[in-house]
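Asker: here are the coordinates; sequence isn't available:
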């Protein structure tokens, strides 16, 4: 059994953007929601001691519509403590890009979905789940 190499200290919504330009735009957004795609970006900021702040940014946009489109983005910060002081760079990368994301994503997605539903998209469901293991492996090749 692999022991935990990190521990989550704190996680929170760092920044949130919900942009619906008008009532007409909301109707358009509702009608074109299948065209919206989720994009994930992950940034890190070294913190004090052996802690790392990981920012997971989800952006939900429609690249097809020029006007009357919504912009939805959440930045979710997670501060982790690296328990293994002799950790190798590639292991650290896997923790940040894969293990941690797999752990926090269900809750992050739920929070984002709740916010968007409360913003006027009550029937919204996100498409397929993001497979961070797959993304990580693809990045290595």
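Answerer: That came through, no problem. This is a predicted model, so every value here is computed, not measured.
Asker: Pull out the buried positions in whichever strand in the chain runs longest.
Answerer: Ranked by residue count and defined by DSSP state E, the top strand of the chain is strand 6-19. For strand 6-19, the neighbour count (16 or more other CB atoms under 10 Å) marks 6, 11, 18 as buried. To be clear about C-beta, it is placed using only N, CA and C from the backbone, and glycine gets the same treatment.
Asker: Direction included, what does the helix or strand harbouring residue 39 pair against?
Answerer: Using DSSP states H and E, residue 39 maps to strand 37-46. Strand 37-46 sits in its sheet next to strand 51-61 (antiparallel), going by DSSP bridges.
Asker: I'd like to know the average pLDDT value across the strand it pairs with.
Answerer: The predicted model gives strand 51-61 an average pLDDT of 95.
Asker: Now do the buried residues in the strand holding residue 39.
Answerer: For strand 37-46, the neighbour count (16+ other CB under 10 Å) marks residue 38 as buried.
Asker: Cheers, nothing more for now.
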